[in-house]
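> Here you go, sequence then predicted model.
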Amino acid sequence: LKHLLTNVKTRGVYGEAQLGALLEQVLPRDHYGIQVATSPDSRELVDFAVKLPGQADGGLPVWLPIDAKFPNEDYARLLEAQDRADLVGAEVAAKGLELRVRAEARSIADKYIKPPYTTDFAILFLPTEGLYAEVLRRPGLMESLLREHRVTLAGPTTLLAILNSLQMGFRTLALERRSAEVWQVLGAVKNELGKFGEVLGWLKNQPK
């Protein structure tokens, strides 16, 4: 695994595979897209995007962009310094990891956040819990990314919770729409029954 993850392309595929598996586990296939252009004039393709209820200009769907990143070199340097109990080296490596995550968040914001075709924020997915935990340890980093770039971080467990919340929202919306349809049908039936009653009354009053 260590040998495989030294290859940038393989590492990218690993992160995307993790992300795709989580989406597939929670959401129906028609609720998310793969390699999505988040606006009509963009050539940049985000790894995945969740299709939200509602429509943007031109009847296009509104997307929530989710991009997987795996800064393994920075993370590996941090783990090695921690194993050596090298506090100075660990701090230097952690700072390098923070700078890399900031750069990735800035890139995601520039490429994929395109209101009204997308939400006004995106998700940067870190595919291992250990990496996610190390990034969260950087003081104020998560708040800074959201404030400056409108990007929020998520590890596997966090993303799973977000997706489950979205799925519950989709189901609630579907039930609300179905309820509205039922009320429309009942209203139509009521009108027809009223007309039928009027006809019966007219027939009853006709001379024999």
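Arrived safely, thanks for sending. Computed from a prediction, not measured in an experiment: that's the story for all the values here. Numbering: from 1, shown residues only.
> outside of stretch 90-104, which residues touch it?
Outside stretch 90-104, the residues within contact range by CB atoms under 8 Å, 6 or more residues apart in numbering are 67, 69, 71, 74-75, 77-78, 80-82, 124, 134-135, 137-138, 141, 144-145, 153. For glycine as for every other residue, the C-beta is placed from the backbone atoms N, C-alpha and C.
> Just the ones in strands from these, please.
In this view, the contacts of stretch 90-104 that belong to strands under DSSP state E are 67, 124, 153.
> Sort out which one of the residues you listed lies nearest residue 16 for me.
Closest approach to residue 16 among these (CB to CB): residue 67, at 9.0 Å.
> can you tell me how far the closest one sits from residue 74?
Applying CB to CB, to the nearest Å, the value for residue 67 to residue 74 is 17 Å.
> more crowded one of the two?
Per other CB atoms under 10 Å, whichever of residue 67 and residue 74 has more neighbours is residue 67, with 23 against 19.
> So what's the residue count around residue 69?
Neighbourhood size, residue 69 [other CB under 10 Å]: 22.
> Who are the contact partners of it?
15, 101, 104, 124-126.
> Now do the same for it: its pLDDT.
What the model reports for residue 69 is a pLDDT of 91.
> Residue 179 now?
According to the prediction, residue 179 has pLDDT 46.
> and what of residue 39?
So residue 39 comes in at 87 (pLDDT).
> So what does the closest residue to it other than its chain neighbours look like in phi/psi?
Distances taken as CB to CB, 6 or more residues apart in numbering put residue 114 closest to residue 39, at 3.9 Å, once the chain neighbours are dropped. Residue 114 adopts backbone torsions of phi -140, psi 70, taken as degrees, to the nearest 10.
> count of neighbours near residue 114?
20.
> how close does residue 121 get to residue 86?
From residue 121 to residue 86 the distance is 36 Å (CB to CB).
> okay, these two: which has more neighbours?
Taking neighbours as other CB under 10 Å, residue 121 and residue 86 compare with residue 121 leading, 17 against 13.
> how about the more buried one, what does it touch?
Taking CB under 8 Å, 6+ apart, we find residue 121 in contact with 113, 146, 150-152.
> now those as JSON lines including distance to residue 21?
Output for the contacts of residue 121, formatted as JSON lines (distance: CB to CB, whole Å):
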{"residue": "113", "distance to residue 21": "24"}
{"residue": "146", "distance to residue 21": "26"}
{"residue": "150", "distance to residue 21": "26"}
{"residue": "151", "distance to residue 21": "22"}
{"residue": "152", "distance to residue 21": "20"}
